[in-house]
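Trainee: build me a structure from this.
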Amino acid sequence: MPTTTLRGVGASPGIAIGHLHHYAEAALNVAHSTSTDPAREKARLEEAFAQARQEIQALATQAQHNVGAGEAAIFEAHEMFLDDPELLDRVNSMLQQQQVSAAYAWQESTQQAVAELRAIDDEYLAARATDLQDVAQRVLRILQGVEEQKLALSEPAIIVAQDLTPSQTIQFENEKIRAFCIAEGGPTSHVAILAKALGIPAITGLGKAIENLHDGQRAIVNGASGEIILDPDKATLATYQQEIQALTQARQDAFQDARQPATTRDGHTIEVVANIGTPEQVAEALRQGADGVGLLRTEFLFMEREAAPDEDEQYAIYRSILQAMNQRPVVVRTFDIGGDKPASYLHMSNEMNPFLGIRGARLALEHNDLLQAQLRALLRAGEGHNLKIMFPMVSSLEEVEALRTQVQQAQATLSAQNTRYAQQVEIGIMVEVPAAAVMADVIAPHVDFFSIGTNDLTQYVMAADRTNSAVAHLADALHPAVLRFIRMVIDAAHTHGKWVGLCGELAGNPLAAVVLLGLGLDEFSMTASFVPLVKQRLRQLGTEQARAIALHTLGLPNAQAVHAYLESLA
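Mentor: Numbers count the residues shown, from 1 in each chain. Next up, the predicted model:
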C-alpha cells in the first residue's frame, strides 16, 4: 500500500511506531421506565453515588501515583459533580414529578447538562462536558449493575478513538499504549494533559481523518508535529526507529544534567523554568531541574468552588510554594478567569465569544475586591522571597497603569495595617494580545518584564481557534507571523532594559529553542518534564549561530517551511 500522511494537532510530543487499534466503549442507554416510589429511587441513586465516589477516589490515587497530583485533580473534580446542587435538583425533580426510575432521571438530567456545556463551545467547558459524561456513565453503569469495561491488548498498540474520557485514559496499561490518536479535543484537553504526564505521544483534533485509520494498520505517530504516517515503507520505518532510539538516549542524558544551568557554547546562560498549576507540582519541577517557576497559574484556588478564597487561604498556599522554591524566582499570574475558565460565584454573563470578552486583567479590574485580596496575599507571601507578579490578558497601556495602581493600593493597605510585605516585587504582564505586542515599546517603560503567552497569541494572530479541529493546524506558534510578533516584543523590551520570558507550549519545544534563543529570549517556561531536554538543546547552541537561524525563519513563507528548516538542522 502507498504511504499516506495525515495531520492533526500535536498534543503530546514523542514518536511511536505500531499497529492501530480502535477503541470505543459502548455508551449505556436506559429506556424510559417509571417508578411509584421516588424515595426508593433516590436511595438507589445515593448508593450509586457512594460507590462512584470510591471508584473516582481510587482513580485519583492511581493518577497521583502514575502521573502526579496536578493530573489527579482531574478526578477530584469529578466528585464535585455528585454534589452539584443544580444537577441534583434536576434529578430529584424528575423523580418526584415524573415518577421515573433513578437511572432514567440521572441519564436525562446529565445528558441535558452535557448538551448545555457543549453548546457554549469553548475549550474549558468542552472538557467539563467530557468530565460530566464520564461521571454520568459511571453512575449509570453502577445503577444498571454493568461491569466496568477495560481494554485488554494482547500486544502494544496505537489507540484510535473519537474521544477518551480521563477514566479511560488513566486505566490503560501504559506499557501497552504506544500513542493516542483522537478525533476530538485539542492540545489542552484532558487526554492531552494525561498523555504528556505519562510520556505517551498523542495527536488530537483529527476530525474526519480518523475514518482513514483502520484496525491493524501500521503507522508512525509524531506527537510533536501532529502527523500520522500510514503504511510506512522500510526506509521510513528505519529512519523513525533510529530517531526513537536517539530521543530515548537524549532524554536519559538530559535528565542526568538537568540541574546544571543552560549555558550556551559561548557562555550565555538562559533561565529555564517551569509552568505549574498546583503546589504539588513544585517538587516535580525541582526534580526536573527547573531554575524556578515562570508561570504559577492561580486558577486552582478560584475554580470549582462556591466562593472565592480569602486572603489568608491564598497567603498560606503562596507562601508554601515560595518557601519550597527557596530563593529561585517565582512568577505568579493573577487569576486568569474568564474565556475558557468561568467561575460560577462571579455570575459572569454568557458571551458570544468569551475568549475575546471579559477575562484576565479585564475581569480583575471589574472585581476590585478579589484582585486586592490576591495582591495583598501575594505581597505578604513574597517577603524574603524572589516573587514576581504578572497580569494576564492585558491589551493596553491604560490597563497596565490601572493594574499598577491596584498594586500600590494593596501596598498602602498593608502598610496601614503595619503588615510586613515584599517591598521589591517585579510587576509584569503577559503578552497574549496582538495589540500588546504591537505596543510593547510604549508599554515596556511601565513594566519590569514581559512573558509571552504563545498559546493565545498564536490563535489571535492566526485567527484560528486551537480547539477547533478544522482550523487548529493553522494555530502553529512557529508560523513566521507569530515569530515576528515575538521578535517585536523582545526588541522593544530590551531597548528599555527589560527582560522577556515565554510561557506558552512553544517554550517546551526543543526544536524551537534555537529560534527563541536567536530572537533574544531571556527565560523559557514550560511543563516541568520538558526542562531537561530544552536545557540540553540550549547548551548545544551558540548565540550568533542562533541569531542567523532565527533571522532566516522570519523570512520563510509559512509554518511548514519553518518546521522543515529547523528539522534539517536538528
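
Trainee: quick one, helices of the stretch 1-150 of the chain?
Mentor: With helices called from DSSP state H, counting those that start in this stretch, the stretch 1-150 of the chain shows them at 38-66, 69-81, 85-93, 102-119, 123-144.

Trainee: lowest average pLDDT across the ones you listed?
Mentor: Per-stretch mean pLDDT for the helices of the stretch 1-150 of the chain is lowest at helix 69-81 (a mean of 73).

Trainee: low pLDDT regions in the protein?
Mentor: 1, 64-71, 73, 119-127, 188, 303-304, 338-355, 466-470, 472 (pLDDT under 70).

Trainee: picking that back up, Ala235: which of the helices of the stretch 1-150 of the chain is closest?
Mentor: Proximity to Ala235 (Cβ to Cβ) singles out helix 38-66 among these, at 36.3 Å. Any C-beta I mention is one placed from the backbone N, CA and C, and that applies to glycine too.

Trainee: list the buried residues in that closest one.
Mentor: Residues 38, 41-42, 44-45, 48-49, 52, 55-56, 59-60, 63-64 are the ones in helix 38-66 that count as buried (16 or more other Cβ atoms under 10 Å).

Trainee: quick one: Gln217 from Glu211, how far?
Mentor: In this structure, Gln217 and Glu211 are 12 Å apart, going by Cβ to Cβ, to the nearest Å.

Trainee: surely Leu370 and Phe335 touch.
Mentor: Yes: look at Leu370 against Phe335 with Cβ atoms under 8 Å: they come within range, at 7.0 Å.

Trainee: report the set of residues contacting both of these two.
Mentor: With contacts taken as Cβ atoms under 8 Å, 6 or more residues apart in numbering, Leu370 and Phe335 have Ala364 as neighbours in common.

Trainee: these two: which is more packed in?
Mentor: Phe335 (27 against 20; other Cβ atoms under 10 Å).

Trainee: secondary structure class for the more buried one?
Mentor: With DSSP: H, G, I helix; E, B strand; the rest coil as the basis, Phe335 sits in coil.

Trainee: who touches it in this structure?
Mentor: With Cβ under 8 Å, 6+ apart, Phe335 has these contacts: Thr298, Glu299, Leu301, Phe302, Leu363, Ala364, Leu370, Leu371, Gln374.

Trainee: likewise Ile17?
Mentor: Arg178, Arg218, Ala219, Ile220, Val221, Pro232, Leu237, Tyr240, Gln241, Ile244 are the contacts of Ile17 under Cβ under 8 Å, 6+ apart.

Trainee: please name the nearest non-neighbouring residue to Lys208.
Mentor: Ala183 (7.7 Å; Cβ to Cβ, 6 or more residues apart in numbering).

Trainee: same thing with Tyr315?
Mentor: Ala377 (4.2 Å).

Trainee: I'd assumed Leu322 was in contact with that neighbour.
Mentor: No: between Ala377 and Leu322 there is no contact, the gap being 11.4 Å when judged by Cβ under 8 Å.

Trainee: what touches both of those two?
Mentor: With Cβ under 8 Å, 6+ apart, Ala377 and Leu322 have no common neighbours.

Trainee: circling back to that earlier point, select only the buried ones of the contacts of Ile17 in ChimeraX?
Mentor: To isolate the buried members of the contacts of Ile17 in ChimeraX, using 16+ other Cβ under 10 Å:
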select :178,219,220,221,232,240
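
Trainee: sort out which one of the contacts of Ile17 lies nearest Val400 for me.
Mentor: Of the contacts of Ile17, the one sitting nearest to Val400 (Cβ to Cβ) turns out to be Val221, at 43.2 Å.

Trainee: isn't there a helix covering that closest one?
Mentor: No: with three-state DSSP as the criterion, Val221 is located in strand rather than a helix.

Trainee: follow-up on the earlier one: for the residue nearest to Tyr315, give its distance to Leu87.
Mentor: For Ala377 relative to Leu87 (Cβ to Cβ), the value is 32 Å.
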